[in-house]
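Student: I need the structure of the sequence given here:
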Amino acid sequence: MKTLDDKVVVITGAGSGIGRALAVAAARQGALLAVSDVDEAGLAETVDLVKGAGAREVRSDRLDVADRAAVAAYATTVADHFGRVNVVVNNAGVALAGEFADLEYDDIDWIMAINLGGVLNGTKEFLPHLIASGDGHVVNLSSLFGLVPMPGQSIYNATKFAVRGMSEALRIEMLQAGHRVGVTVVHPGGIKTAIARNARVSAKEDKEATAKLFDKKLAKMTPEKAAEVIWRAVEKDQARVLVGIDAHVIHNLGKYTGSKFQDLVAKAADRVLPAKTKVV
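Tutor: A predicted model of the protein is given here:
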C-alpha cells in the first residue's frame, strides 16, 4: 500500500490522541474514514476535524472494542457501507498502573478486554474484508512496553506483548498464504495523550502523581508527529515501527543488556517513579 488515497480506513479509539491524529492525517491523504470510540463527545470533535481536513467521506460510530458481538456487527456494517475495507487501525487502548500484587481482578479484566481483546476482535472481524480488498493492511497499536518490561505496568505489559506476538505471527501467516495484507505493529514511547489521566490505578498508587510524571516528563512527542511516523511505516509495509526517540533508546538498551535490563530498571525505579499512597 503506497498511498491512502481512496482507501477505506477504519480507526478505533479515534476520539482523541493518536487515533484522532491518524484520522486527520488520513483524511488529508484522501482516505474514506470509519472512526469509532466509546467517547461520543470526543468522537464528534474528531469528525469535525476530519471534515475540516478534507475527508472525502467519514462515518462515525460509538463502539466498545471489548464487545465482540458489537465489533462483528460493526465490521459487517462498515464493509457494507463502503463496499470494501482497506485498512484497520486497532488503536483503542487504556492503561492500568500498580504493582501486580496490588491489582484487583476487575481492573485486570478491564484492561485485558480492551487492550488485547479489542485488538483481537478488530483484527479477526475485519481480516476477511482486508483479504477480499486485495490491498489491505492491519495496524495494531502495541507500545514500547510491548518490547521491554516496566514495574507497575505488569498487566499493561502483558497486553502489549501479546498484541506484538499476535501481530507478528499474523504477518507471517499472510505472507505464507500469499494474501495482499500487510501487518504493522506500532510501539510508541511517550506520546502527549490523555492515556495516563484516564488510567486506572491500584489503591496504593497516587494517580495524580503518576499522570503528572507521564505528562510532564515522559510524553515528548505530539500525536500528530506520531501519526506521521505510523502512516509512513504503513506505506513502506514495515513490520514494526518504534515511535519516538525514547522508544528507540530504551528498546536498544533492553536489547543489548538482555536480562540485565531488569536489574537496571529495578535500581532506577525508586528514583523515577512517584511515591506510593498510604493505604489504611
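
Student: Now stretch 189-199: average pLDDT?
Tutor: The average pLDDT within stretch 189-199 is 91.

Student: Now tell me what touches that stretch from outside.
Tutor: Stretch 189-199 has contacts (CB atoms under 8 Å, 6 or more residues apart in numbering) with 16-18, 93-97, 144, 207, 210-211, 213-215, 218-223, 226, 242-248, 250. C-beta coordinates here come from the backbone N, C-alpha and C atoms, glycine included.

Student: Which positions within that stretch qualify as buried?
Tutor: For stretch 189-199, burial by neighbour count (16 or more other CB atoms under 10 Å) applies to 189, 190, 191, 192, 193, 194, 195, 196, 199.

Student: From residue 133, how far out is the fourth one?
Tutor: Separation of residue 192 from residue 133 (CB to CB, to the nearest Å): 33 Å.

Student: again, but for the first one
Tutor: Spatial separation of residue 189 from residue 133 under the definition CB to CB is 32 Å.

Student: same thing with residue 243?
Tutor: Going from residue 243 to residue 133 by CB to CB gives 26 Å.

Student: and the two? which has more neighbours close in?
Tutor: Neighbour totals were compared for residue 243 and residue 133, and residue 243 leads with 25 against 20 (other CB atoms under 10 Å).

Student: my read: the more buried one touches residue 231, true?
Tutor: No - applying CB atoms under 8 Å as the test, residue 243 and residue 231 come out as separate, 11.3 Å apart.

Student: Name the residues of stretch 258-269 that come out as buried.
Tutor: Neighbour-count burial for stretch 258-269 flags 261, 265 (criterion: 16+ other CB under 10 Å).

Student: Report how many residues lie close to the nearest residue to residue 102 once chain neighbours are set aside.
Tutor: Leaving aside its chain neighbours, residue 102 sits nearest to residue 202 (3.9 Å; criterion: CB to CB, 6 or more residues apart in numbering). The local packing of residue 202 (other CB under 10 Å) involves 20 other residues.

Student: ditto for the one 5 residues further on
Tutor: Residue 207: 17 surrounding residues under other CB under 10 Å.

Student: show me what contacts it?
Tutor: With contact taken as CB under 8 Å, 6+ apart, residue 207 is in contact with 97, 199, 201.

Student: Let me see the backbone angles for the second one.
Tutor: Here is the backbone geometry of residue 199 (degrees, to the nearest 10): phi -70, psi 160.

Student: Check which helices and strands whichever strand or helix holds residue 158 sits against.
Tutor: Remark: residue 158 resides in helix 154-177, with elements defined by DSSP states H and E. Applying 3 or more CB pairs under 8 Å, 6 or more residues apart in numbering; DSSP states H and E, we find helix 154-177 packed against strand 96-97, helix 105-111, helix 117-133, strand 136-141, strand 181-188.

Student: just the angle between the longest one and helix 154-177, please?
Tutor: To tie it back to what came earlier, the one meant is helix 117-133. Orientation note: helix 117-133 sits at an angle of 20 degrees relative to helix 154-177 (axes from the mean of the first three to the mean of the last three CA atoms, to 10 degrees).

Student: Go through helix 117-133 and flag the buried ones.
Tutor: Neighbour-count burial for helix 117-133 flags 117-123, 125-127, 129-130, 133 (criterion: 16+ other CB under 10 Å).

Student: so how far is residue 30 from the residue nearest to residue 102?
Tutor: Taken as CB to CB, the span from residue 202 to residue 30 is 45 Å.
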